[in-house]
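>>> Everything below, folded, please.
(one chain, ligands or ions: 2)
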Amino acid sequence: MSEKNKSILITGGAGFIGSHVVRLFVNKYPEYQIYNLDALTYAGNLENIKDLESQKNYHFIKADIKEGDVMHELFLEHRFDAVIHLAAESHVDRSITNPNDFIETNVLGTANLLNAFRAAHENSFEGKLFYHVSTDEVYGSLGKTGLFTETTSYDPQSPYASSKAASDHIVRAYGNTYGLPFVISNCSNNYGANQFPEKLIPLFINNIKKSMPLPVYGDGNYTRDWLFVEDHATAIDTIFHEGTLGETYNIGGFNEWTNLNLIKLLCQLMDQKLGRDKGSSEQLITYVKDRAGHDRRYAIDADKINRNLGWKPSVTFEEGLEKTLDWYLANENWLDNVTSGAYQTYYKKMYS
Ligand code: NAD
Ligand code: DAU
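Ligands and ions are numbered 1, 2, ... in the order given. Prediction:
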């Protein structure tokens, strides 16, 4: 999609990845009107996009995608040319405790947006685009070798993954049935500034800072493929503007780490930054009960987006991790604010 003067709805823009996507689009494309729709759940935080508030092409809408009538009215009012849909319940552990929240937001919420998009354009979609942001978890778990490609069969294993898989299928079905123009991308694990400290990297940074136990699930030999969040945002920008309608793109950094190796690296870097004795943070590692149905290994083959659209990550893992640690250490207030209140209750329930 490349025409100018678009109005673009970005959902979930107060969350982790969404805030980076909104920032990139608002700053890079002053000719676009960017509408950030977010329900501000526990994971949404207006602090994440505070720097954008005074920008002329930025607008915030507090709304819940679970409310179909509200979505319908909003789309009729604004007739957005494009949607970049990131709003979701995103944490696997929470999906194990409360699966219905995931089905309602991720499945029904996505269908509500698609229905509203169709109604607003009366099924006439010239120049329009629905971009659905998804995850590599839809493909399930890999053995010791192999990579997820765009043609890997879906095999989601957690309530979160299955809700995202269902939403991907619904988007494709609307493309097939109503001719709704879409693209989908499935990305690997993101890390970077503004990630809520329920996810591995920010949770461990916070715990190391506070000299609290580092809860490693199971044997710690689970593998994830990590991508710097700002690189995910540039990949979304590239696919939005250059991607082929109806296609799926896998996004990743060819950057696999076992949890244990990653945690040890994190401990070393934090010891250096905090001026602590070498090896002291590693002593905080504590093995805890494994996550139910824990996927053993994810790894993305990002060859298609590289070959067809010329996208590749801009930073190495070491550079991205360093930037991330520096951000968390420089933004203690952000971390303190999000870890007060309800976070304490969540943490006790999960880890004690
Ligand atoms: P996040 O949990 O940090 O943010 C989600 C945002 O969505 C929050 O701002 C929240 O307030 C909002 N939201 C939740 N429910 C809503 C609702 N019913 N209505 C409106 N807004 C609602 O999530 P994230 O990690 O930034 O993930 C964003 C998207 O990217 C998700 O779709 C996720 O599946 C996908 N994804 C995430 C990763 C990752 O590593 N974090 C990797 C690949 C794909
Ligand atoms: O692969 C993409 C997915 O990555 C996204 O779709 C999800 O939204 C995102 O949350 C992430 O899912 P993971 O389950 O891989 O991320 P998480 O940070 O929760 O866990 C990463 C690994 O670390 C996983 O193997 C579980 C383990 N872990 C996690 C936590 C929070 C621990 O060992 N201890 C912990 O306390």
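
>>> make it CA atoms for all contacts and neighbour counts henceforth
Noted.

>>> Which residue comes closest to V138 once chain neighbours are left out?
P156 (4.6 Å; Cα to Cα, 6 or more residues apart in numbering).

>>> What separation do you get for that neighbour and K348?
28 Å (Cα to Cα, to the nearest Å).

>>> Settle it for me: which of these two has more neighbours?
More neighbours surround P156 than the other of P156 and K348, with 20 against 9 (other Cα atoms under 10 Å).

>>> May I have the secondary structure class of the more buried one?
Assigned with DSSP: H, G, I helix; E, B strand; the rest coil, P156 falls in the coil class.

>>> returning to what we had before: there's contact between the residue nearest to V138 and S167 in this structure, I believe.
No - the pair P156 / S167 is not scored as a contact, 12.0 Å apart, by Cα atoms under 8 Å.

>>> Quick one, grab the pLDDT at the residue of the chain positioned farthest from its centre.
Using Cα atoms, centre = their mean, the residue of the chain lying farthest from its centre is D277. It sits 34.3 Å away. If you check D277, the pLDDT there is 97.

>>> thought it was touching D271?
Yes - using Cα under 8 Å, D277 makes contact with D271 at a distance of 6.4 Å.

>>> Spit out the residues that contact these two alike.
Counting by Cα atoms under 8 Å, 6 or more residues apart in numbering, no residue touches both D277 and D271.

>>> do stretch 281-289 and ligand 2 meet?
No - using Cα under 6 Å from any ligand atom, stretch 281-289 stays clear of ligand 2, coming no nearer than 8.1 Å.

>>> May I see the buried residues of that stretch?
Counting neighbours by 16 or more other Cα atoms under 10 Å, one finds that the buried residues in stretch 281-289 are 281-282, 284-285.

>>> residues of stretch 14-32 that come out buried?
For stretch 14-32, a neighbour-count test (16+ other Cα under 10 Å) marks 14-26, 32 as buried.

>>> Please read the previous query as pertaining to stretch 289-296.
Buried-residue list, stretch 289-296, by 16+ other Cα under 10 Å: 295-296.

>>> longest single helix anywhere in this protein?
For the chain, the helix with the greatest residue count under DSSP state H is helix 159-178.

>>> Could I get the full set of helices for the stretch 101-250 of the chain?
109-121, 159-178, 200-209, 229-242 (DSSP state H, counting those that start in this stretch).

>>> mind checking the SS state of V83?
Assigned by three-state DSSP, the conformation of V83 is strand.

>>> That one contacts L129, correct?
Yes - at 6.5 Å, V83 counts as touching L129 under the criterion of Cα under 8 Å.

>>> which residues of the stretch 251-352 of the chain fall in strands?
256-258, 285-288 (DSSP state E, counting those that start in this stretch).
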